[in-house]
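[1] need the 3D shape of this:
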Amino acid sequence: MKSQVLSVLILLSSSYSFAQGEAPATAPAPVATPAPTSTYKIKQVISAQNLVVAETSNPNEEITPGKTFLVTFANEKQCSLILKEKKGALLTLNSSSCANAQEITRTSPLEVALVDTTVAAAEPVALKSTPEVPAASPEPYYPPVKMDRWIPTRFSVMTHYSGASELIFKDVNVTTTTSSGSVEVDYGLESSVGVGVSFASMHPQGWGYLANVFYERARAFKSATIKGSAGATTVTSSGSSSTIAFFVAEMNAVYRWDSFYMPFGLNVSAPTISEDMSGVSYYGSLGIFWGGGFILSDNATLEIFIRDIAIRMKQYTSTATIDYGNGSMTGFGAAFKFWF
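    Numbering: from 1, shown residues only. A predicted model of the protein is given here:
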């Protein structure tokens, strides 16, 4: 009995020693290898189609359409480009979601987004009979926006014809040493042409402004008609006659529809009368303008208008003082303008 117990103890002791001395071998831990990295360079920017073509340094890189890339601008701001197609090392990216797409250049840095924002492919929809996969929605097309050239301020050179042929003074006060009275004096004039410049900003279906600065060549005085209580008397000039010319600055409000616009506003004149009319003092006054314009092209307009140019005048003679007051020269005209 004792020998059997002793044999069992020896057997247990041997098993324990073996377990303590010989540990089973373990497999070595796998060593992680760094994932290959890729760099991207912009090759072409096709603004009209909202496309950017880039090149990857790893042609074998697997990138699925819908992957988001980021382009970084000089001010450190970024905007996203969406992968549309990959062929070899070339990537076609859609820039329609980038608000600053017009600032993208070939030197702009490009990188893949750190967060995977790729839209997962649509799962098949199981119907009772035949399963169907929803058709992919077509990519939206955003046509390029054409800037209206008439919104920013533009500059033009112009030439115009003025058919105004009368300078009318309605209330002329004549004072002599013995009496005084009021008459109307109408001067007959030649028509004239002018040259100048314009500045304008006109919003479609909205308001803007139109400014004109021009010189109107001298007109000859052809006649003078004096109307009073005793009737009317007309004096016609013979030979060389006095002339009057105007330098005019004009500011108008303008409402534009599409290719038609309507300006209206005020002008101030600086008249010049030839020296033949001695003893005359004069200066410009406020006049009015109203017209309609047609946009013929991006660089040409035609205007039809009514313009009133005003002048104040006073004359001194050896026997009388004549205060002409405010006179106006009103008539139809047309102007052609070439815009830059």
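[2] so where is this structure shaky, pLDDT-wise?
    Applying pLDDT under 70 to the chain flags the ranges 1-36, 117-131, 142, 144-147, 239, 275-278.
[3] and it, what are its domains?
    For the chain, the structural domains run 40-112, 154-339, going by automatic domain parsing.
[4] who does the longest strand along the chain pair up with?
    Counting residues, the longest strand found in the chain (DSSP state E) is strand 206-228. Within its sheet, strand 206-228 is paired with strand 180-189 (antiparallel), strand 192-202 (antiparallel), strand 231-236 (antiparallel), strand 243-256 (antiparallel), according to DSSP bridges.
[5] with only the CA atoms kept, save stretch 279-298 in PDB.
    The C-alpha coordinates for stretch 279-298 follow below in PDB (Å, rounded to 0.1, in the frame of the first residue of the first chain):
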ATOM      1  CA  GLY A 279     -22.700 144.100 -72.500                       C
ATOM      2  CA  VAL A 280     -24.200 140.700 -71.800                       C
ATOM      3  CA  SER A 281     -23.600 138.800 -68.600                       C
ATOM      4  CA  TYR A 282     -24.800 135.200 -68.400                       C
ATOM      5  CA  TYR A 283     -24.400 131.900 -66.500                       C
ATOM      6  CA  GLY A 284     -25.800 128.400 -66.600                       C
ATOM      7  CA  SER A 285     -28.800 127.100 -64.700                       C
ATOM      8  CA  LEU A 286     -30.600 123.800 -64.000                       C
ATOM      9  CA  GLY A 287     -32.200 121.900 -66.900                       C
ATOM     10  CA  ILE A 288     -34.000 118.600 -67.200                       C
ATOM     11  CA  PHE A 289     -33.400 115.400 -69.300                       C
ATOM     12  CA  TRP A 290     -35.700 112.500 -70.100                       C
ATOM     13  CA  GLY A 291     -35.300 109.700 -72.600                       C
ATOM     14  CA  GLY A 292     -35.200 106.100 -73.600                       C
ATOM     15  CA  GLY A 293     -32.200 103.900 -74.500                       C
ATOM     16  CA  PHE A 294     -31.700 100.700 -76.400                       C
ATOM     17  CA  ILE A 295     -28.900  98.200 -75.600                       C
ATOM     18  CA  LEU A 296     -27.800  97.200 -79.100                       C
ATOM     19  CA  SER A 297     -24.900  95.000 -77.900                       C
ATOM     20  CA  ASP A 298     -22.400  94.700 -75.000                       C
END
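[6] any buried residues in it, and which?
    Residues Val280, Tyr282, Gly284, Ser285, Gly287, Ile288, Phe289, Gly291, Gly293, Ile295 are the ones in stretch 279-298 that count as buried (16 or more other CB atoms under 10 Å). Just so you know, the C-beta spots here come from the backbone N, C-alpha and C atoms, and that holds for glycine as well.
[7] which neighbouring elements make contact with the helix or strand hosting Gly284?
    Per DSSP states H and E: Gly284 is located in strand 280-297. Of the remaining helices and strands, those touching strand 280-297 by 3 or more CB pairs under 8 Å, 6 or more residues apart in numbering; DSSP states H and E are strand 243-256, strand 260-273, strand 300-316.
[8] pull the CA atoms of the second one into PDB?
    Only the C-alpha atoms of strand 260-273 are listed here, as PDB (Å, rounded to 0.1, in the frame of the first residue of the first chain):
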ATOM      1  CA  PHE A 260     -34.300  98.900 -72.800                       C
ATOM      2  CA  TYR A 261     -33.700 101.500 -70.200                       C
ATOM      3  CA  MET A 262     -35.200 104.900 -69.300                       C
ATOM      4  CA  PRO A 263     -33.100 107.700 -67.800                       C
ATOM      5  CA  PHE A 264     -34.300 110.900 -66.300                       C
ATOM      6  CA  GLY A 265     -32.600 113.600 -64.300                       C
ATOM      7  CA  LEU A 266     -31.100 117.100 -64.100                       C
ATOM      8  CA  ASN A 267     -28.300 119.000 -65.800                       C
ATOM      9  CA  VAL A 268     -26.300 122.100 -65.300                       C
ATOM     10  CA  SER A 269     -24.800 124.100 -68.100                       C
ATOM     11  CA  ALA A 270     -21.800 126.400 -68.600                       C
ATOM     12  CA  PRO A 271     -22.700 128.600 -71.700                       C
ATOM     13  CA  THR A 272     -20.300 130.500 -73.900                       C
ATOM     14  CA  ILE A 273     -21.600 133.500 -76.000                       C
END
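[9] quick one, that strand and strand 192-202 angle?
    Per axes from the mean of the first three to the mean of the last three CA atoms, to 10 degrees, the angle that strand 260-273 makes with strand 192-202 is 140 degrees.
[10] show me what strand 260-273 is packed against.
    For strand 260-273, the contact count by 3+ CB pairs under 8 Å, 6+ apart identifies strand 206-228, strand 243-256, strand 280-297, strand 300-316 as packing neighbours.
[11] please produce JSON lines containing those strands, extended by distance to Val235.
    What follows is the helices and strands packed on strand 260-273, written out as JSON lines (distance: least, CB to CB, whole Å):
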{"stretch": "strand 206-228", "distance to Val235": "5"}
{"stretch": "strand 243-256", "distance to Val235": "17"}
{"stretch": "strand 280-297", "distance to Val235": "16"}
{"stretch": "strand 300-316", "distance to Val235": "15"}
